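Visitor: Test case, fold it:
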Amino acid sequence: METSVTQKKQTASATQPKKKSKVFIIVLALLLVVGAWFGITKYTHSLHHEETDDAQVEANISPVIPRVSGYVKEVRVSDNQQVHKGDTLVVLDDRDLRLKLEESVAALGTAQSNLEAARATTSASRSNIGSSKAAISIIDAQIDAAKVNVWRTSQDYTRYANLIKDHSITQQQYEQALAAKETAEKQLQVLAQQRNQAAQQTGVVASQSNATSQQIGIAGSTIKQRQVDVEDSKLNLSYAVITASADGLVSKVNVQPGQYLQAGQALFSIVLNNDIWVVGNFKETQFNKMKIGQKVIIHADAFPGHDFDALLTSFSPATGAQFALLPPDNASGNFVKVVQRLPVKIEFVNKSDSLIKQIRPGMNVNVDVHLN
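Guide: So this is what the prediction gives:
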């Protein structure tokens with residue numbers, strides 16, 4: 001009997017329809033409403049905003065590079081230290097540089113002495129030339145007088161030669177006239193030879209003077225070269241003290257006293273604190289509505305919940321792939337289309353924000369560009 005009663009109850013319950021749970025319907029409805037609201041909100045937001053999390057903080061970084069080679073004498077900075085423009089960072093041993101400066105100064109003194117000697121020689125040569133010209137002028141006057149004397153004695157000799165034929169004069173008078181004529185001619189020849197010698201000597205002295213003048217020019221050029229050497233030595237000596245080029249924070253200092261540094265060797269860097277900005281890498285499909293001057297909200301991972309006001313200031317002239325070490329060449333091999341990203345520069349607006357000073361280059365940020 002009890003078994004039959006139980007079977008009847010099970011048959012009756014099986015034939016009755018099951019009641020649907022109202023809680024399930026309510027939860028499903030809420031999920032649909034929330035999902036629809038979330039989708040509509042995201043869609044509406046996408047119409048007026050462009051976002052990316054591929055963005056980092058950037059800043060100017062100045063490398064500290066020695067201009068001359070040498071051994072490190074002192075290191076006056078440490079890791080992460082704040083420095084100001086003109087502060088001494090590293091001091092090199094400058095003894096070799098000082099010796100080169102003294103050598104350059106000595107060479108300059110020698111060149112100046114050579115110039116003075118050349119000028120003195122030129123002055124003496126010019127004086128000799130003046131004396132030689134004066135002597136030539138005197139000889140020319142004597143030659144003119146000798147020519148007159150030769151003419152006069154020649155005329156006397158001619159007259160006495162005619163008179164001796166007629167025995168109008170004595171033989172002694174004739175011989176005196178002949179002797180006077182020959183003496184005048186000999187004197188004229190001697191004066192002509194003296195003038196030639198004086199002219200030759202003047203030419204030699206003039207040549208020496210010209211050579212000395214050239215030496216003066218060469219000595220002047222040598223002095224200029226030695227002056228440049230002195231200035232170069234002074235400049236290299238000043239490079240023995242390495243100073244900060246601007247205000248900023250020093251990176252890790254990998255320099256120790258006694259270490260030998262090569263000119264052009266990168267020692268460490270200074271992160272300049274005069275300005276920071278953000279570079280956001282947006283997809284090319286996000287680029288069509290973005291313009292310079294649009295408002296940007298930046299969220300830094302280091303400071304969640306804080307909004308940094310900024311402006312879009314410029315676009316890169318090419319995509320990031322074009323500046324890679326090995327840019328892609330789509331003309332070779334099989335082509336696979338990949339969405340490219342374009343770097344965009346974004347600058348902070350509120351410089352007085354206290355948290356901006358705590359932001360460091362390289363930090364990740366999220367960028368939200370307001371299109372309208």
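Visitor: Stretch 36-50: which residues count as buried?
Guide: Glu50 (16 or more other C-beta atoms under 10 Å). No exception for glycine: its C-beta is placed from N, CA and C like everyone else's.
Visitor: what domains does the record give for this protein?
Guide: 50-60+271-372, 96-238 (automatic domain parsing).
Visitor: So which of those domains is nearest Asp79?
Guide: domain 50-60+271-372 (12.2 Å; C-beta to C-beta).
Visitor: Just give me how far the closest one sits from the chain centre.
Guide: 31 Å (C-alpha atoms, centre = their mean, to the nearest Å).
Visitor: end to end, how far does that domain reach?
Guide: 11 Å (C-alpha to C-alpha, to the nearest Å).
Visitor: ok, Gly280 - how many residues close by?
Guide: By other C-beta atoms under 10 Å, the residues close to Gly280 number 28.
Visitor: re the thing from before, tabulate the domains of the chain (TSV), appending distance to Ser251 and mean pLDDT.
Guide: Shown next, in TSV, are the domains of the chain (distance: least, C-beta to C-beta, whole Å; pLDDT from 0 to 100):
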stretch	distance to Ser251	mean pLDDT
domain 50-60+271-372	7	89
domain 96-238	24	75
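Visitor: want to throw those into a markdown table with distance to Lys73?
Guide: A markdown table is the format used below for the domains of the chain (distance: least, C-beta to C-beta, whole Å):
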| stretch | distance to Lys73 |
| --- | --- |
| domain 50-60+271-372 | 26 |
| domain 96-238 | 12 |
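Visitor: Relative to Gly248, which of those is closest?
Guide: domain 50-60+271-372 (4.3 Å).
Visitor: So Leu272 versus Ser352, what's the distance?
Guide: Here the criterion is C-beta to C-beta, to the nearest Å. By it, Leu272 lies 19 Å from Ser352.
Visitor: For Leu261, list each beta-bridge partner.
Guide: Per DSSP bridges, the residues bridged to Leu261 are Gly70.
Visitor: measure it to Val33 for me?
Guide: Leu261 is 70 Å from Val33, by C-beta to C-beta.
Visitor: okay, these two: which has more neighbours?
Guide: Set Leu261 next to Val33 and count neighbours by other C-beta under 10 Å: Leu261 wins out with 18 against 10.
Visitor: got the residue ranges for the helices in this structure?
Guide: Along the chain, counting by DSSP state H, helices occupy 2-15, 22-48, 95-165, 171-238.
Visitor: Do me a favour and average the pLDDT over the shortest one.
Guide: By that I understand helix 2-15. When pLDDT is averaged over helix 2-15, the result is 51.
Visitor: Geometric centre of the chain: which residue is closest?
Guide: Arg67 (11.7 Å; C-alpha atoms, centre = their mean).
Visitor: Of Leu272 and Ser352, give the one with the bigger neighbour count.
Guide: Leu272 (19 against 6).
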